[in-house]
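In: show me the folded form of this:
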Amino acid sequence: MVFNPAFLYIEDEPFSRTVMEMILVRGLGYKNLSIFNNSEQFIERLEALPEQPDVIFLDIHLKPHDGFEILAMLREHRTYVNTCVIAVTASVMNEEVDMLRQSGFNGAIAKPIDQIAFPGLLQRILNGEEVWNIQ
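Out: Just a heads-up that it's a prediction; the model follows:
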């Protein structure tokens, strides 16, 4: 059986959403991508998804709940406590990266997303590795 992962991307910036969809769906052929354009009623919307995400890509600067609050909700939820959560952020200062690591993210990818490097990073993520691509 072929592993067909499900992804969730939570991002309020339309261009970033388009890039992620372009890479995952059109470029790499993945079919199971859900996108939330804000963090309103996050848990209710998450639980209503047709498939449980294997990987959640999460912008940090969201409203009404920021990425750290969303991560805390996920880590407290019995179904999503161990789900891979990757921060996708333009905030790549050392202090911010340390906060991401300490908060329990499984990695971080800098915005704008490097479309050449992303497929390799995604394969590492799907293999269970932590990926901190923040240059």
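
In: who touches the least confident helix or strand in the chain by mean pLDDT?
Out: Among the helical and strand segments of the chain, the one scoring lowest on mean pLDDT, DSSP states H and E is helix 94-103, with a mean of 88. Identification of contacts with helix 94-103 by C-beta atoms under 8 Å, 6 or more residues apart in numbering yields I60, F68, L71, A72, A87, T89, A108, W132, I134. Every residue, glycine included, has its C-beta placed from N, CA and C.

In: where in the chain is pLDDT low?
Out: 1-2, 135 (pLDDT under 70).

In: could you pull out the strands for it?
Out: Listed in chain order, the strands found in the chain under DSSP state E are 6-10, 32-36, 55-59, 84-89, 107-110, 131-133.

In: so which residues make contact with the longest one?
Out: The contact list for strand 84-89, computed with C-beta under 8 Å, 6+ apart, reads 9, 11, 16, 20, 54-61, 67, 71, 74, 96, 100, 104-111, 113, 125, 128, 131.

In: same check, this time on the second one
Out: Surrounding strand 32-36, the residues in contact under the criterion C-beta under 8 Å, 6+ apart are 4-11, 17, 20-21, 24-25, 42, 45, 49, 51, 53.

In: can you select the buried ones among these for me in PyMOL?
Out: Applying 16 or more other C-beta atoms under 10 Å to those, the buried members can be selected in PyMOL as follows:
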select buried, resi 5+6+7+8+9+10+11+17+20+21+24+42+53
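
In: from A108, how far out is the most centrally placed residue in the chain?
Out: In the chain, the residue lying closest to the centroid (C-alpha atoms, centre = their mean) is F57, at 0.6 Å. Per C-beta to C-beta, to the nearest Å, F57 is found 10 Å from A108.

In: and for Q123?
Out: Using C-beta to C-beta, Q123 is found at 17 Å from A108.

In: more neighbours: those two, which one.
Out: Using other C-beta atoms under 10 Å, the more surrounded residue of Q123 and A108 is A108, with 23 against 12.

In: one step back: the least confident helix or strand of the chain to strand 84-89, inter-axis angle?
Out: Relative orientation of helix 94-103 versus strand 84-89 (axes from the mean of the first three to the mean of the last three C-alpha atoms, to 10 degrees): 160 degrees.
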